[in-house]
Every structure is written in structure tokens, then in C-alpha cells.
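>>> Any chance you could fold what I've pasted below:
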Amino acid sequence: MTTMTRRGLAALGLARAALPARAQAGWPERPVRWIIPFPPAGTADILSRLLAEHLGPRIGQPIVVENRAGAGGTIAADLLARARGDTHIVMTTNFAPHGSSPTLFPNVTYHPQNDFSHVGLFGSLPMVICVHPSHPARTLQEFLAAAKAKPGDVAMAYGGNGTASHLIGLQFQRVAGIELTFVPYRGAGPALIDVLANVVPSIMETMPAAIGHLRAGRLRPLAVSAASRSAALPDVPHFGEVGLGDASAVNWFGFAAAAGVPGALVERWNTELRAVLALEEVRARMLELGFEGTIMEPNFMQDFVGREVARWRQVIRENNVTAG
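Presented below is the predicted three-dimensional model:
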């Protein structure tokens, strides 16, 4: 190899190494829109605003958080999918718009994998099976025994068709080999109120909504839906410990930019998010909210979304679930 050839290859290597920096030059040029697929004051909203507050100074522009709730998160997801190549818009991804809703809503126009640049998973929220304190079951095994003794006699509240509590509840029922009577409500709040009042004896609830009532003794936890014990409820068994590992599932939240943005920008978002998620203030708040299992790997997230869509498509079709 000649000296000239070696110099040429070295120069080419330096040029390639500089590409990501040049691709980011001048970015961001204006405020970034962060779309949240749910109403204000919920878990997704609280977490996203917390992260946006710390991310803004790092990227040198304000991040404007915008709630675009409705239709199982598909309104927000469709907005980002239509912004292909736009480097100034991102969103919080979730179990609904990127897991269950593409099957629940037949008119969804976006592809949950191909129409997004998935950056990573902020974390997951395990569900917890709870009963009213007056319920005779003190363990999940006793709860299952009661359900098997009288099929359909045990009722479980949930906050609407196709929600995480509903679909994970249906999967739990199938794997456990029991028949529950699912009682629908217009939202998780009304469902929880009736369980606290012992109108319905049980519920599959998210950790943030349940944890205060569990600690106060207003609800009794029987098991968490994750594949491991929850740091928030270390004494409560997970599904795998009671022989229901195939039912393990969580509600989850991630981050995505628009499809077609430069790969260097996906890497930049990943780097900045990792730094913010490592802050003690952020970690403490996420622990307080019940989040677990952050995985900031774009390739993992892309495959994870595909698996989630396939998994919940099967549950939805097997149970003839329609959007509620």
C-alpha cells in the first residue's frame, strides 16, 4: 500500500468520524416538541415533564411538553409518524400506542416500529393484583383456589377495554386456568374507588395508583405481574414465583423521535437521556413512581415494540376485545 493510499484512507476515516458531529451541527435550531399520549397529571405526564426539565438545558433549547390524549394514544403516535424526518419533535411511547392500540383500533395508519426512531425504554410499571382487606384470600394461591372453586364468581375491576390492566388481567386468567368476571369502568380511578369501597373485591392496578393504598392497609397485595419482585413491594411475590411466569407483563414507557432523523441524532438523544436518567433527583422520583428496568438501547427497543404488538394482538383477538 502506498503512502498516498494510506493517507487517503486515514483522511477518509477522519471524515467518517466527523460525520455525526456535522449531522448535529446547529441542532436544535428551535424549541423541541415533546408529545405525551395521555392527559396531564398522569404517570406518563409527570415522568416526561421531569425528564424534559433536565434535558432542555443539555440540548440548549426549551422542550415544550404537549398532551395529545385520546384513542388509546394513537392520536399522539400518528402525529409523530406524520412528522417523518422532523428533528424537533419526539414523544413518550407506551404499552397502548405501541403495543395494544394498533390492533384495538382498525384505522391506525402508522406502523409501530417502522414509523418511529425508537431510542429506549425509560422503565416499566408492574401491575399488582390487589384485594379489599376484607377478602378471605391472603395469598394469590388462595385467590386462585377460590376462582377455580366457583368459575366466574370472583370479580376483578379494570379501567376500560384494552387497557394494560384489562389485557394483562386476561392473560393472567388464561395462564392461571381460571374464569374471572371482569367489571369495566370508565377509567382506572373509578375502578379503584369501587374496590376500596368493596363494591368489587379485586383489581389489577398499576403500582403508582395502588402503592399508597397498599402501604396504608386499604388494599392487600397478592402478586406483582413482573418477572421479578418490585423494589416498592419486596415482600410480594411475582408471577413467576407462583407458577405463572407466562403471564408476566408490565405497563411500560419509552422515548422515540420521528422516523428518518439522522442516526447521529438518535445517538445524541440516547446519550442525553442516559445522563438525565442517572441524576439522583430523577432516579429518586422514578423509584417513588414505581418505575423499574430502564433499558436505553435503540435496537432492543425496536424489537421490544414488535414483540409487544404481536403479544397483545393475540390476547385481543382470542378474547374479542374491542376499544372501550
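>>> Could you find the closest non-adjacent residue to the most centrally placed residue in the chain?
Taking C-alpha atoms, centre = their mean as the criterion, residue 252 is the residue nearest the geometric centre of the chain, at 1.7 Å. Excluding the flanking residues, the one nearest residue 252 by C-beta to C-beta, 6 or more residues apart in numbering is residue 124, at 4.3 Å. Every residue, glycine included, has its C-beta placed from N, CA and C.
>>> Let me see the contact set for the one you found.
226, 250-253, 291-293 (C-beta atoms under 8 Å, 6 or more residues apart in numbering).
>>> circling back: quickly run through the sheet partners of the host helix or strand of the residue nearest to the centre of the chain, with directions.
Using DSSP states H and E, residue 252 sits in strand 250-258. Paired with strand 250-258 in the same sheet, following DSSP bridges, are strand 89-94 (antiparallel), strand 116-131 (antiparallel).
>>> With mean pLDDT and distance to residue 177 added, can I get the ones you listed in a markdown table?
What follows is the strands paired with strand 250-258, written out as a markdown table (pLDDT from 0 to 100; distance: least, C-beta to C-beta, whole Å):
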| stretch | mean pLDDT | distance to residue 177 |
| --- | --- | --- |
| strand 89-94 | 98 | 30 |
| strand 116-131 | 96 | 16 |
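>>> Format these as CSV; extra columns: distance to residue 146.
As requested, the strands paired with strand 250-258 are exported to CSV (distance: least, C-beta to C-beta, whole Å):
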stretch, distance to residue 146
strand 89-94, 33
strand 116-131, 10
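>>> didn't residue 61 look like it was pressed against residue 33?
No: assessed by C-beta atoms under 8 Å, residue 61 is found out of contact with residue 33, at 10.9 Å.
>>> What degree of burial does residue 138 show, as a neighbour count?
12 (other C-beta atoms under 10 Å).
>>> do the same with residue 76
There are 25 residues near residue 76, going by other C-beta under 10 Å.
>>> Output the contacting helices and strands for the helix or strand harbouring residue 271.
Following DSSP H and E, the helix or strand that holds residue 271 is helix 263-277. For helix 263-277, the elements it packs on are helix 3-23, helix 43-59, strand 116-131, strand 250-258, helix 280-289, judged by 3 or more C-beta pairs under 8 Å, 6 or more residues apart in numbering; DSSP states H and E.
>>> Quick one: residues contacting the closest residue to residue 240 other than its chain neighbours.
For residue 240, ignoring the flanking residues on the chain, the nearest one in space by C-beta to C-beta, 6+ apart is residue 227 at 5.8 Å. Counting by C-beta under 8 Å, 6+ apart, residue 227 touches 238-240, 245, 248.
>>> Closest one of those to residue 156?
Set against residue 156, the nearest of these by C-beta to C-beta is residue 239 (15.2 Å).
>>> What number of residues are in the vicinity of that closest one?
Neighbours around residue 239, by other C-beta under 10 Å: 27.
>>> I'd guessed residue 102 sits against residue 108; true?
Yes: counting by C-beta under 8 Å, residue 102 touches residue 108, with 5.0 Å between them.
>>> Residue 50: how many residues sit nearby?
Neighbours of residue 50 (other C-beta under 10 Å): 17.
>>> hmm, back to that, most neighbours of all the contacts of residue 227, which one?
With neighbours taken as other C-beta under 10 Å, the top of the contacts of residue 227 is residue 239, carrying 27 neighbours.
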